[in-house]
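[1] sequence and predicted structure are below.
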Amino acid sequence: MEKVIVETNKRPLKKEKKMKPPLAMRIKREWKKNWFAYIILLPIMAHFIIFQVIPFVFSFVLTFMQYRVIGRSDFVGLRNWEQLFSDPLAWKAIWNTVLFSVYYILPTMALGLILALIIKSGVKFTNLFKGIFFLPVVTSFVVVAGIWDWLFTGTESGFINYILSFFGIKPQLFLADSSQALLVLAGLSIFKVSGSTMIYYFAGLQSIPKDMYEAAKMDGASPFRTFWSITFPLLKPIHFYVLIITTIGSFQVFDSAYLLTSGGPNFSTITIVYYLYTIGFTNLNFGYAAVLSYVLFAIILVISLIQRKYFGKDQGIY
């Protein structure tokens, strides 16, 4: 029998797609299935939209306006953004904030780790030390700033100057000296926050298996070698987290400059947030203040992304 091969150019028929139900019907079905969850989420979503989304959008609109609290506001285009590039005080504030971050981030991380190691070492009165180290965190910043101001009074009667006099060091101006004031403010923030970083590091130390320390001890590793080979590497997730939160906090510093120096002397302690506050709530130039807020947002975003790329890889963060 002859085999007849029939060739056809016809493609196999596609399966007909199922028609999706109308949008209204899908919404009705979803509501019927999860109505209780949506009722619970409704106040949260309303709060988020009213106090987060709307202010964020409105602040962006303000960057293109000459906003007046009383009277008519005018659209000025990019004038507020152009003012940023011709404002030397804004760049001074940004530079001061960067310097503050340099003075603040690494010492805060180091001190928090040292305090956590002291507590983890099992010294006597551990609970008492925990309370002492954590006390500045729960104390009002106004109170802590007042104590700091008394300690660093730039006269012979100041407590720190009194201590320095025993070593033959002349009285220092501290907060009244443009070369020292920012360092003193950074010291205040380190003193205030190091207790919370201590808690993060202490939690990380608690999670390290004891077997690793026992194996290192059996191999004859010194305490210093054990720290650099076991403790420090295994704390990398904590390092990354503390680095992120301290960086963000350093660029948002405001209260210490507001309470102690008011941005002085000679604008040496004016930070981007303090300058934003002055422009917005003292000069009532809300348009330019909104521009400064977006500059701050952009700086923190870029630095956080860089930290995430180069320091977050080992933590599985991509």
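    Noted; the coordinates are in hand.
[2] from here on, contacts and neighbour counts on C-alpha atoms
    OK.
[3] residue ranges with poor pLDDT in the protein?
    Where the chain drops to pLDDT under 70, the residues are 1-20, 313-318.
[4] could you list the domains of it?
    As given by automatic domain parsing, the domain ranges for the chain are 37-77, 89-311.
[5] from one end of the first one to the other, what's the distance?
    Yep, that's domain 37-77 we're talking about. This stretch, domain 37-77, spans 43 Å end to end (C-alpha to C-alpha, to the nearest Å).
[6] so where's the longest helix in the chain?
    Scanning the chain for the helix with the most residues, using DSSP state H, yields helix 88-120.
[7] what helices or strands is that one leaning on?
    Contact analysis of helix 88-120 by 3 or more C-alpha pairs under 8 Å, 6 or more residues apart in numbering; DSSP states H and E lists helix 126-138, helix 181-206, helix 236-251, helix 272-277 as its packing neighbours.
[8] do that again at 7 Å, thanks
    helix 181-206, helix 236-251, helix 272-277 (3 or more C-alpha pairs under 7 Å, 6 or more residues apart in numbering; DSSP states H and E).
[9] tell me what angle it forms with helix 126-138.
    Calculated by axes from the mean of the first three to the mean of the last three C-alpha atoms, to 10 degrees, helix 88-120 forms an angle of 170 degrees with helix 126-138.
[10] and helix 88-120, what's buried?
    Buried positions in helix 88-120, judged by neighbour count with 16 or more other C-alpha atoms under 10 Å: 90, 92-101, 103-109, 111-117, 119.
[11] so who does Thr271 touch?
    93-94, 96-97 (C-alpha atoms under 7 Å, 6 or more residues apart in numbering).
[12] report how many residues lie close to the closest residue to Lys120 other than its chain neighbours.
    Using C-alpha to C-alpha, 6 or more residues apart in numbering and skipping residues adjacent in sequence, the residue nearest Lys120 is Phe202, 7.1 Å away. Per other C-alpha atoms under 10 Å, the neighbour tally for Phe202 reads 22.
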